[in-house]
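Asker: Kindly generate the corresponding structure for this input.
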Amino acid sequence: MSCESTTSSNFNNPNNGDLNNSFKETDSQKLAEMKESKIKDSLLRAGWIEAEMGNGSMPSCYNFKPKQNKSIDNYLEIHVGGGTDVVVKLINIDTEKAIRYVFINSSSTYKIEHIPQGRYYLKIAYGKNWISKIENNQCWPFY
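Answerer: Reported below is the predicted structural model:
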């Protein structure tokens, strides 16, 4: 028996009995998907609902009225890569109040237009499988 086998061939075809690392990436990915599925199923059983969201939309139960200034022709353009959806809050620095709250789908672009004059910062949440629950006429989101 020769001892000249390479490490990569042992990794791809482990004949040394060491399978610890052979499927590590696949196993961790499957575990993450299983965990995500269990959490989602648990939330759905507890009354949470899945919602198909379009770019720029938020359900009316959020009781949120966006602020705009149609006389100002400006926009903030947001590009979202693949693999995750994004929720963006545009928040006024001085008042600490959100003036916009938008959902943006994976692999898409959205423009927040007619932003009133002021100084702002963003709060961003990333995730897949947007679900929400209504309690006391208010929506509670979950990714």
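Asker: Just confirm residue 74 contacts residue 116, I think it does.
Answerer: No: applying CB atoms under 8 Å as the test, residue 74 and residue 116 come out as separate, 9.4 Å apart. Any C-beta I mention is one placed from the backbone N, CA and C, and that applies to glycine too.
Asker: Show me which of these two is the more surrounded one.
Answerer: Just comparing residue 74 and residue 116: by other CB atoms under 10 Å the higher neighbour count belongs to residue 116, 15 against 12.
Asker: excluding its backbone neighbours, what's nearest the more buried one?
Answerer: residue 69 (4.2 Å; CB to CB, 6 or more residues apart in numbering).
Asker: Likewise for residue 107?
Answerer: Distance criterion CB to CB, 6+ apart; nearest residue to residue 107, sequence neighbours excluded, is residue 82 at 4.7 Å.
Asker: The residue nearest to residue 116 should be in a helix, yeah?
Answerer: No: going by DSSP: H, G, I helix; E, B strand; the rest coil, the assignment for residue 69 is coil, not a helix.
Asker: Could you measure from the residue nearest the centre of the chain over to residue 83?
Answerer: By CA atoms, centre = their mean, the chain has its centre lying nearest to residue 127, at 1.8 Å. Noted for residue 127: a distance of 10 Å to residue 83, by CB to CB, to the nearest Å.
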